[in-house]
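1. requesting a structural model of the entry that follows:
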Amino acid sequence: MWESVGSLAAGPWIYAVVAVSVLLDVFLPVLPSGVLVIAAATAAAGTGAAAGKVPHDVPDILVLILLATTASVLGDLVAYRLAWRGGERLDRAIARSRRLTNAQERLGEALSRGGGALVVLARFAPAGRSVVSFCAGAAHRRARDFVPWSALAGLSWAAYSTALGYYGTRWLGTAWLATAVSIAALTGAGAAAAYLMRRRPAGS
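-> The predicted structure follows:
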């Protein structure tokens with residue numbers, strides 16, 4: 001089964017699948033974009049190890065990182081702009097949710113102080129990217145305060161996910177084991193990010 005998954009992830013079309021998944025998971029956090037990035041990186045490492053090099057039809061890890069980062073930032077920007085134009089209806093929806101209200105306040109404090117590390121943490125936390133992007137837009141935070149942190153968040157997440165799949169396969173040697181360990185590590189990073197976000201003081 002894992003060999004079949006690896007062969008499917010090794011085709012050049014995986015670039016489009018990864019890009020669409022990463023772009024849309026700001027709206028549908030259930031999309032397995034991280035798993036797809038890991039699978040593509042695992043395929044690159046596994047095929048490369050078997051052939052002694054990475055063939056042209058296997059995802060290049062640098063291209064994969066750049067693609068996932070770009071798609072992440074574009075998705076954030078779309079959500080940000082939609083929330084910016086959301087008007088009173090979105091404001092009322094946020095006001096009804098204590099979690100969203102707190103997130104909006106903390107994000108505003110972080111961005112105004114130049115401490116957008118919260119945006120980076122949120123990229124790893126489950127649904128954190130969605131909350132941050134929508135709250136930044138709804139609060140009409142300046143794009144120049146939000147976008148650089150969004151880019152850093154996307155790059156950090158993409159590089160981490162790709163490194164897990166690629167180097168996990170190189171070190172462990174077995175695709176299914178490397179994929180399972182990589183997904184567990186990505187999930188662990190998400191849990192840690194969610195914990196840090198809850199513990200992070202509003203003014204930091």
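
2. distance between the top helix by length along the chain and the chain's centre?
-> In terms of residue count, the longest helix belonging to the chain (DSSP state H) is helix 143-172. Its chain's C-alpha centre and that of helix 143-172 lie 7 Å apart, by Cα atoms, centre = their mean, to the nearest Å.

3. what angle sits between the following helix or strand past it and helix 143-172?
-> Next along the chain after helix 143-172, taking DSSP states H and E as the criterion, comes helix 175-199. Counting by axes from the mean of the first three to the mean of the last three Cα atoms, to 10 degrees, helix 175-199 lies at 140 degrees to helix 143-172.

4. about what we covered before: which of the residues in the longest helix of the chain are buried?
-> For helix 143-172, the buried set under the neighbour-count rule, 16 or more other Cβ atoms under 10 Å, comprises 145-147, 149-166, 168-169, 172. All C-beta atoms are positioned from the backbone trio N, CA, C, and that covers glycine.

5. and the gap between the nearest residue to Phe146 once chain neighbours are set aside and Tyr167?
-> Distances taken as Cβ to Cβ, 6 or more residues apart in numbering place Ala136 nearest to Phe146, at 4.8 Å, with adjacent residues excluded. From Ala136 over to Tyr167 the distance is 33 Å, taken as Cβ to Cβ, to the nearest Å.

6. can you map out the helices along the chain?
-> In the chain, the segments counted as helices under DSSP H are 2-9, 14-24, 33-51, 61-84, 87-96, 98-112, 117-124, 128-138, 143-172, 175-199.

7. in TSV, list those along with mean pLDDT.
-> Compiled in TSV, the helices of the chain are given as follows (pLDDT from 0 to 100):
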stretch	mean pLDDT
helix 2-9	48
helix 14-24	91
helix 33-51	75
helix 61-84	93
helix 87-96	64
helix 98-112	64
helix 117-124	88
helix 128-138	85
helix 143-172	92
helix 175-199	84
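
8. looking at these, which is buried most?
-> Among the helices of the chain, ranked by average contacts under mean count of other Cβ atoms under 10 Å, first place goes to helix 128-138 (a mean of 25).

9. any idea how far Ala143 is from Gly188?
-> Counting by Cβ to Cβ - Gly188 and Ala143 are separated by 32 Å.

10. same check on Thr174?
-> Distance, Thr174 to Ala143, by Cβ to Cβ: 44 Å.
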